[in-house]
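Chemist: what's the 3D shape of this:
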Amino acid sequence: MEFDRLHWTDHPANPLITAQWPDWLIADPTFLLPEETPDGLWHLFANSIPRVHHYTSGDGVAWTRRGVAVNGAIRPFVRKHQGEYFLFYEKIYSPFRSAIALRRSPDLRKWSKERIVLKPSLEWHGRFVRTCSCPCVIPWGGEFLMYYSANVVLLPDCLFFEPLHIGVARAAEFGGPFTPDPEPCISPSPGDPHRNMGAGAIKVIPDPGRGVLYGFNNGIYRDRKGHSRSAIMVVTSRDGVNWDKDTDPVLRPEDHGWKRALVYALDVRQVSETQAHMYYNARDGWLRGFERIGLAVGRA
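Modeler: Numbers count the residues shown, from 1 in each chain. Sure thing, here's the model as predicted:
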């Protein structure tokens, strides 16, 4: 599937997942397909602050919350590898310190002890604020690549932080440990209309047959009216480090409703020969806003 040529449309039932009181947000969805899971259901993980929740669904649209998978964690990423489930996430130590951790499971119910697989170690990971977040692990070129975000930028009209840079780290095993490349592969630029504040995060899909990596990047930017924004763009790479960007986002904020302010964290998978699913979260306001999860369907 050529992910840079898909046409994306929102599911008519959006938003599909809303936070349960007293939480005001549910964000950063990541999911498994029914053919990957022990019970034949869709499984989705997403975070409130600061815990990762586990959901299941029979159709990928109506979701049931099954409980908390990890406490003290946000921004999960789940994949099945060699018959085992790997749940990566950002481990929160304080508002200014974090690292990427991993738990493993044979059945999506019993999880191993937490293990840190990547922690801040480079200058661009931050000084006062030192963070590693938003993991995404893929096989490529005979090794395993972890794309991750590091450091933060303050969104002044929201009064919270979003990721500043995106880097890549490498490992010989799917579960790491990972060694980061010395420089980021995506950073903000003042002249980039969709990434002039922060790089945001990226989810990457490898296509070894075509020799290309497809990335879905939610850049952080300030619009012409001065509002903080985020929109989802498709980027491509041949070497996993240098990325070409499409000119227009495939999903962006709208004038009203549940995605009025920012459209950001996501996970995307091919679900058939002609379709892909992208679960993502969006925010309906700036300083005061709720975040919910919706589905966009990509068709060839």
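Chemist: which residue, other than its chain neighbours, is closest to Ala172?
Modeler: For Ala172, ignoring the flanking residues on the chain, the nearest one in space by Cβ to Cβ, 6 or more residues apart in numbering is Glu143 at 6.4 Å. The way it works is simple: take the backbone N, C-alpha and C, and place the C-beta from them, glycine included.
Chemist: for the one you found, report the pLDDT, please.
Modeler: Glu143 carries a pLDDT score of 98 in this model.
Chemist: equivalent analysis for Asp248, please.
Modeler: Looking at Asp248, the pLDDT reads 89.
Chemist: check contacts around it.
Modeler: For Asp248, the contact set (Cβ atoms under 8 Å, 6 or more residues apart in numbering) comprises Met233.
Chemist: three-state assignment of it?
Modeler: coil (DSSP: H, G, I helix; E, B strand; the rest coil).
Chemist: so how far is Trp243 from the spatially most distant residue from the centre of the chain?
Modeler: In the chain, the residue that sits farthest from the middle, by Cα atoms, centre = their mean, is Lys225; the gap is 26.7 Å. According to Cβ to Cβ, to the nearest Å, Lys225 and Trp243 sit 28 Å apart.
Chemist: neighbouring contacts of the helix or strand of the chain with the lowest mean pLDDT?
Modeler: Ranking every helix and strand in the chain by mean pLDDT, DSSP states H and E puts strand 244-245 at the bottom, with a mean of 88. Strand 244-245 is contacted by residues Asn217, Met233, Val234, Val235, Thr236, Ser237 when judged by Cβ under 8 Å, 6+ apart.
Chemist: okay, now the last one: neighbour count?
Modeler: Around Ser237 sit 19 other residues, with neighbours defined as other Cβ atoms under 10 Å.
Chemist: report the contact partners of it.
Modeler: So Ser237 contacts Val212, Leu213, Gly215, Trp243, Asp244 (Cβ under 8 Å, 6+ apart).
Chemist: 7 Å instead, please
Modeler: Leu213, Gly215, Trp243 (Cβ atoms under 7 Å, 6 or more residues apart in numbering).
Chemist: same deal with the fifth one?
Modeler: The contact partners of Thr236, taken as Cβ under 7 Å, 6+ apart, are Asp4, Val212, Leu213, Tyr214, Gly215, Trp243, Asp244.
Chemist: closest one to Gly167 out of these, please.
Modeler: Ranked by distance to Gly167 (Cβ to Cβ), these are led by Trp243 at 12.2 Å.
Chemist: quick one: the closest one from Ile116, how far?
Modeler: For Trp243, the distance to Ile116 - Cβ to Cβ - is 27 Å.
Chemist: then Ile293?
Modeler: From Ile293 to Ile116 the distance is 27 Å (Cβ to Cβ).
Chemist: of those two, who's got more company?
Modeler: A direct count of neighbours by other Cβ under 10 Å for Ile293 and Ile116 places Ile293 higher, at 26 against 13.
Chemist: helix, strand or coil for Trp124?
Modeler: helix.
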